[in-house]
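S.K.: with the input below, show me the fold.
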Amino acid sequence: MKNLFFLFLILSSSFTFSQKNVSKTENNIIKKDTLKVLKPLNIADIDEKPSIELYKIYTLDRDTTFLDTTLSIQKEYKYNLLRKDIFGLIAFANEGHTYNTLDYSLVKKSIHPSMGFSAKHFNYLEIEDIKYYNVPTPLSDLYFKTVMEQGQSVDAFLTVNTKPNLNFSIAYKGLRSNGKYINNISSSGNFRFTTSYFTKDKRYILNAHFTGQDISNQENGGIKDINLFEESENPYNERERIDVYFRNATSLLKGNRFLIDHSFKLNKNNPNSLIFTHQFNHEYKFFNYTQLTADKRFGDFYSGSINNKTRYNHLYNKLGVGFTTKKYGDVSFFVEDNTYNYFYKSIVFDNIGNTLVPNAINERITSIGGNYTYYVNKLKANLLISNAITDQSVSNIEATLNYKLNEDYQFVFKYQKLNSLPNLNYTLYQSNYVDYNWANNFKNEKKNQFHFSALTKWINLEAQYSILDDYLYFDNITNNIDTLTVKPFQNNKTINYTSIKVSKEIKFWKLALDNTFLYQNVENSDKTLNVPQFVTRNSLYFSEHIFKKAMFIQTGIIFNYFTEYYANDYNPLLGEFYVQNERKIGGFPMFDFFINAKVRQTRIFLKAEHFNSAWTGYNFYSAPNYPYRDFIVRFGLVWNFFK
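M.R.: Numbering: from 1, shown residues only. Next up is the predicted model:
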């Protein structure tokens, strides 16, 4: 993998870099709603500096953007390991460890059960995270950022169209960071390869990708004495002097995935034609927790060293047929076949030889469904329905209305009714720790969700109301942070969740104030779903061209804050967060100062993170005994190469 990465860097360096200017202002990404068919590019006919709009990036849902080399406040928000805006998440002390979720609306649920171990999946690229490309000339993207201690974070990408209708891309994201605390090293690698193809008559379209990913973290279980951290007096202002729970524990999530998504149009000349679709997905991954010496914090154990390995195989096929008309819209019907094998290589018996915990869950879910999309004037309506025809009672109904008045006003309403199986680690788990073995038969989780968004030139608004039934969660039955006996539970009462998020950027002269506010409310008598009531991010910054407009700079201050609440705590053995109602975190300000610059296609980032930490008090935490980051200065760049 490393040899591929270095070869990729060498190839990338061979491309020159220049760009045709699109706009005099530093705009955000240009977006289109859908991509019906990618138009073939005749490279021989275009000039030496193709328009930036020809560098297309799209998803399997055909949502399309163009390459964007501008510098904006949104680029600052996305300059992180995940390469996306992480408002609503709070990172742990070391880069690449995990994130605690402040905004519950970010939690997504599928009709099919996932493997679980959700705290370890933030940096794991899912199907919807993979992008496909169509470019007139070779394009590369190099990302680099310093980390907390002894290491770096890099993401290198290259894509090329060998023919106007055939594209390949290869990328590798790597991380190594020692961190500031004992036993806190993060190391990860995300390799991905994609290809896209369509015939010249546009009847057949194919997208495919392969990913190979591994995410490794040393797990210290958090600090033992928070008083030493909050006092932060010598020598404990040096974080490696603070004692932690575990010194020899490590978690590893590793997985490979291969996906093909293709379609064939029956009649190339008739717009009202049948379209056949097929998606194939095969994925294998495992989660492994190892600990050289078992620790009493997790209770009694079967052996002196711990090696828990959970394996997961997943095979998915979706066959569909659709009919497209200009007058009556698009309609399609599909059959989904989802087979998974979640297993261990052992069985847990009781004292008389009866099976307590089996070694596997093997199931096959077959569903049928339909999708209807209708366009009228500026309104787009979509209805999706799917339901299992096998023994599992899973179903999904989604209805969406999208009204786009003009470029300044767009409104979306969405309703979803979901009946889904529990994630597999709620149902079955095995461990060398005695209390961490279970086989459960939980009910399906149910969700009714209403979502409304309005994108206007005055303000952007998102509102969500969710009704959750049979909600599943992990809880520590000892109610003691020094003794963790965390098990899955199901809430048999209804939970009502409401959120309202508003955002607005105000510009005056060369100054700008970008604001995002989130309000959340939970009606939950059992306190199994806890969220901060308010979360805010406010950025005041200055923009200017300097050096005869050869460089564009942005500099300013970002303020982040969330109110105190009973935040979920992190259990490294399970790779999950669990509910606790003993200690609140939050209520501390986080100020970052940044200076960013753009020179041609290179964007340079310099940031003083949490610079107020020493003078506003050491009471900042990402989870009850996991401190947030101290003041640190980090820098890096994003560099695009293309002809």
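S.K.: okay, CA-based contacts and neighbour counts for the rest of this
M.R.: Will do.
S.K.: tell me which stretches of the stretch 51-200 of the chain form strands.
M.R.: Applying DSSP state E, counting those that start in this stretch to the stretch 51-200 of the chain gives strands spanning 56-58, 64-66, 89-91, 99-101, 132-134, 139-146, 152-163, 166-177, 186-198.
S.K.: tell me which of the ones you listed is the most buried.
M.R.: strand 132-134 (a mean of 26; mean count of other CA atoms under 10 Å).
S.K.: ok, and what's touching that one?
M.R.: By CA atoms under 8 Å, 6 or more residues apart in numbering, the residues outside strand 132-134 that reach it are 38, 54-60, 159-161, 165, 167-169, 194-196, 207.
S.K.: and of the strands of the stretch 51-200 of the chain, who's closest to Thr324?
M.R.: Thr324 lies closest to strand 186-198 among the strands of the stretch 51-200 of the chain, at 18.6 Å (CA to CA).
S.K.: that closest one pairs with which strands, and in what direction?
M.R.: Here strand 186-198 is paired, per DSSP bridges, with strand 166-177 (antiparallel), strand 204-219 (antiparallel).
S.K.: to Asn359, which of these lies closest?
M.R.: Closest among the strands paired with strand 186-198, using CA to CA: strand 204-219, at 24.1 Å.
S.K.: state the next helix or strand along the chain beyond the closest one.
M.R.: Once the chain leaves strand 204-219, the next helix or strand it forms, by DSSP states H and E, is helix 226-231.
S.K.: list the beta-bridge partners for the closest residue to Val147 other than its chain neighbours.
M.R.: Spatially, and ignoring its direct neighbours in sequence, Val147 is nearest to Ser177 (5.9 Å; CA to CA, 6 or more residues apart in numbering). Applying DSSP bridges to Ser177 gives these bridge partners: Ser186.
S.K.: show the model's pLDDT score for Ser177.
M.R.: Note on Ser177: pLDDT of 97.
S.K.: show me what contacts it?
M.R.: Neighbour list for Ser177: 94-96, 147-153, 185-187 [criterion: CA under 8 Å, 6+ apart].
S.K.: rerun that using 10 Å as the cut-off
M.R.: 94-97, 146-153, 184-188, 217 (CA atoms under 10 Å, 6 or more residues apart in numbering).
S.K.: do the same with Lys493
M.R.: 468-471, 524-526.
S.K.: tabulate the strands paired with strand 186-198 in a markdown table, adding columns for distance to Ile275.
M.R.: Shown next, in a markdown table, are those (distance: least, CA to CA, whole Å):
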| stretch | distance to Ile275 |
| --- | --- |
| strand 166-177 | 21 |
| strand 204-219 | 9 |
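S.K.: ok, which of these comes nearest Leu228?
M.R.: Of all the strands paired with strand 186-198, strand 204-219 comes closest under CA to CA, at 20.0 Å.
S.K.: gap between the closest one and the chain center?
M.R.: 13 Å (CA atoms, centre = their mean, to the nearest Å).
S.K.: then stretch 428-447?
M.R.: 25 Å.
S.K.: list the buried residues of that stretch.
M.R.: 428-439, 442-447 (16 or more other CA atoms under 10 Å).
S.K.: ok, now stretch 268-283?
M.R.: Using 16+ other CA under 10 Å as the test for burial, stretch 268-283 gives 272, 274-283.
S.K.: quick check: Asn406 vs Val579, distance?
M.R.: Separation of Asn406 from Val579 (CA to CA, to the nearest Å) stands at 44 Å.
S.K.: who has more neighbours, the two?
M.R.: For Asn406 and Val579, the more surrounded residue by other CA atoms under 10 Å is Val579, and the numbers stand at 21 against 9.
S.K.: excluding chain neighbours, give the residue nearest to Ile368 in space.
M.R.: Val335 (4.5 Å).
S.K.: residues contacting Phe442?
M.R.: Here Phe442 is in contact with 421-422, 426-427, 470-472, 488-490 (CA under 10 Å, 6+ apart).
S.K.: now, the residues you listed that are in helices?
M.R.: 426-427 (DSSP state H).
S.K.: low-confidence stretches in the chain?
M.R.: Low-confidence segments of the chain (pLDDT under 70): 1-48, 643.
S.K.: from the centroid of it, which residue is nearest?
M.R.: The residue lying closest to the centre of the chain (CA atoms, centre = their mean) is Phe122, at 5.1 Å.
S.K.: re the thing from before, taking the contacts of Lys493, please make a PyMOL selection of just the buried ones.
M.R.: To isolate the buried members of the contacts of Lys493 in PyMOL, using 16+ other CA under 10 Å:
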select buried, resi 468+469+470+471
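S.K.: the contacts of Lys493 in strands, which ones?
M.R.: If you go by DSSP state E, these have 468-469, 471 in strands.
S.K.: closest one to Asp350 out of the residues you listed, please.
M.R.: Tyr471 (29.9 Å).
S.K.: so who does the closest one touch?
M.R.: 422, 442-447, 489-495, 528-529.
S.K.: so what's the residue count around the spatially closest residue to it that is not a sequence neighbour?
M.R.: Leaving aside its sequence neighbours, Tyr471 sits nearest to Asn491 (CA to CA, 6+ apart; 5.2 Å). Using other CA under 10 Å, Asn491 is surrounded by 18 other residues.
S.K.: and the gap between Asn491 and Phe452?
M.R.: Applying CA to CA, the value for Asn491 to Phe452 is 27 Å.
S.K.: Ile368 too?
M.R.: 28 Å.
S.K.: please apply the same query to Ile226.
M.R.: 42 Å.
S.K.: do a quick rundown of the strands in the stretch 451-600 of the chain.
M.R.: For the stretch 451-600 of the chain, applying DSSP E, counting those that start in this stretch gives strands covering 460-469, 471-476, 486-491, 495-508, 511-523, 534-546, 551-562, 569-571, 576-578, 590-599.
S.K.: could you dump the ones you listed into CSV with distance to Asn307 added?
M.R.: Output for the strands of the stretch 451-600 of the chain, formatted as CSV (distance: least, CA to CA, whole Å):
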stretch, distance to Asn307
strand 460-469, 35
strand 471-476, 21
strand 486-491, 18
strand 495-508, 37
strand 511-523, 38
strand 534-546, 39
strand 551-562, 37
strand 569-571, 16
strand 576-578, 17
strand 590-599, 38
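S.K.: out of these, flag the one nearest Gly221.
M.R.: Among the strands of the stretch 451-600 of the chain, if distance is taken as CA to CA, the winner is strand 569-571, at 7.4 Å.
S.K.: need the contact partners of the closest one.
M.R.: 98-100, 119, 219, 221-222, 298, 474-476, 481, 484-486, 576-581, 583, 622-626.
S.K.: go again using 8 Å as the cut-off
M.R.: 221, 486, 576-580, 623-625.
S.K.: just how off-centre is it within its chain?
M.R.: With CA atoms, centre = their mean, you get 19 Å for strand 569-571.
S.K.: tell me how many other residues crowd Asp408.
M.R.: By other CA under 10 Å, the residues close to Asp408 number 10.
S.K.: correct me, but it touches Asn460?
M.R.: No. Asp408 sits out of contact with Asn460 when judged by CA atoms under 8 Å, with a separation of 10.6 Å.
S.K.: which residues does the closest residue to Lys501 other than its chain neighbours bridge with?
M.R.: Excluding the flanking residues, the one nearest Lys501 by CA to CA, 6+ apart is Leu518, at 4.3 Å. Counting by DSSP bridges, Leu518 forms beta bridges with Lys501, Val535.
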